[in-house]
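Student: fold the following, please.
(one chain, ligands or ions: 1)
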Amino acid sequence: MKKKLVLFSMCLLLFSGLISGLVQSPQVAEAAERPIGTAFVETFESYDSERWSKAGVWSNGQMFNATWYPEQVTFSNGKMKLQIDKEDNETASPPYKAGELRTNDFYHYGLFEVSMKPAKSTGTVSSFFTYTGPWDWDNDPWDEIDIEFLGKDTTKIQFNYFTNGVGGNEHYHELGFDAADDFNTYAFEWRPESIRWFVNGELVHTATENIPQTPQKIMMNLWPGIGVDGWTGRFNGEDTPVVTQYDWVKYTPLEELGCYNEKNNKYKKCKKTKVK
Ligand SMILES: [Ca+2]
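Tutor: Below is the predicted model of the structure:
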């Protein structure tokens, strides 16, 4: 009788342990889950630190001839401003301060839109892109989708993407206007099988090879290059402060987009495909 009671108690303990294990395990799994962002429109009336983080204080090294400082990212008159300045200390290395803003969440397939006015200053890069890597999330590949303006010639826009660190997908598009003169809308639509880039709603470039698949953070930065003069030109710091402005950013997930009609550059309701 006593033995049976002990056995029964042990079973009860084991059972309750199992139950509590079942109850607890989803919480543990939740804590380790990647935060995936949903649809948003950001108008930059103020700094929303729940959605965004300012980079700094640190340096990327390599081709970035600046240290990121949160103070180089400011908000005024409904615009987000990224600014390059000389370091206060003349002997500082790197010699410049720069700004970068990134989302806290990761975003997957969908339409990424920005209204921006890039800097017109030789040696600088103004950007709107998505990015992830092993430092952003455990074991992530380096995946990236880019819109970039080179300050040496803002009548062109550069598109690019990386899949598991493999790039070489650069494409330049002649805008037919100077992007530094005013705000214009630039966008890319990321699908599992393609990336399509748009300027003011018009489709201007499509990629279909080796498309990145990992959710990424939305990022914007402005920086002076070094050792990449052939690409960016040489930044001499005479123009500082150099400023890039962003009026708004919008993200629409793929499932809310509908199907893109290349004939009129518009999204429409997707045709239902018959299942045979
Ligand atoms: Ca705005």
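
Student: what count of nearby residues applies to the one residue in the stretch 151-276 of the chain that gets nearest to the ion?
Tutor: Relative to the ion, the nearest point of the stretch 151-276 of the chain is residue 247 (4.2 Å; Cβ to the ion). (Each C-beta comes from the backbone N, C-alpha and C, glycine too.) Neighbours of residue 247 under the rule other Cβ atoms under 10 Å: 18.

Student: right, and it touches residue 79 too?
Tutor: Yes - Residue 247 is within contact range of residue 79, at 5.8 Å (criterion: Cβ atoms under 8 Å).

Student: what's the overlap in contacts for these two?
Tutor: residue 44 (Cβ atoms under 8 Å, 6 or more residues apart in numbering).

Student: what does the chain put close to the ion?
Tutor: Within the chain, the positions near the ion by Cβ under 5 Å from the ion are 43, 44, 78, 247, 248.

Student: a markdown table for these, including pLDDT?
Tutor: Shown next, in a markdown table, are the residues of the chain next to the ion (pLDDT from 0 to 100):
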| residue | pLDDT |
| --- | --- |
| 43 | 98 |
| 44 | 98 |
| 78 | 98 |
| 247 | 98 |
| 248 | 98 |
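
Student: any buried residues in stretch 100-118, and which?
Tutor: 100-103, 105-118 (16 or more other Cβ atoms under 10 Å).

Student: among the residues of the chain next to the ion, which lie within strands?
Tutor: 247, 248 (DSSP state E).

Student: please, a ChimeraX command that selects the buried ones among the residues of the chain next to the ion?
Tutor: Remark: buried members of these, expressed as a ChimeraX selection using 16+ other Cβ under 10 Å:
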select :44,247,248
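
Student: list the contacts of the nearest residue to residue 144 once chain neighbours are set aside.
Tutor: In this structure, residue 144 finds its nearest non-sequential neighbour in residue 162, 4.2 Å apart by Cβ to Cβ, 6 or more residues apart in numbering. Residues near residue 162 by Cβ under 8 Å, 6+ apart: 142, 143, 144, 169, 212.

Student: host element of the residue positioned nearest the centre of the chain?
Tutor: Taking Cα atoms, centre = their mean, the centroid of the chain lies closest to residue 218, which sits 2.2 Å from it. Secondary-structure assignment from DSSP states H and E places residue 218 in strand 217-224.

Student: what helices or strands is that strand leaning on?
Tutor: With contacts taken as 3 or more Cβ pairs under 8 Å, 6 or more residues apart in numbering; DSSP states H and E, strand 217-224 sits against strand 66-68, strand 79-86, strand 96-103, strand 110-117, strand 124-132, strand 242-253.

Student: off-centre distance for that strand?
Tutor: Relative to the mean C-alpha coordinate of its chain, strand 217-224 is positioned 8 Å out (Cα atoms, centre = their mean, to the nearest Å).

Student: what does the residue of the stretch 1-150 of the chain found nearest the ion show for phi and psi?
Tutor: Ranked by Cβ to the ion, the top residue of the stretch 1-150 of the chain for proximity to the ion is residue 78, at 3.5 Å. With angles defined as degrees, to the nearest 10, residue 78 sits at phi 70, psi 20.

Student: wait, it touches residue 44, no?
Tutor: Yes - between residue 78 and residue 44 there is a contact at 6.0 Å, judged by Cβ under 8 Å.
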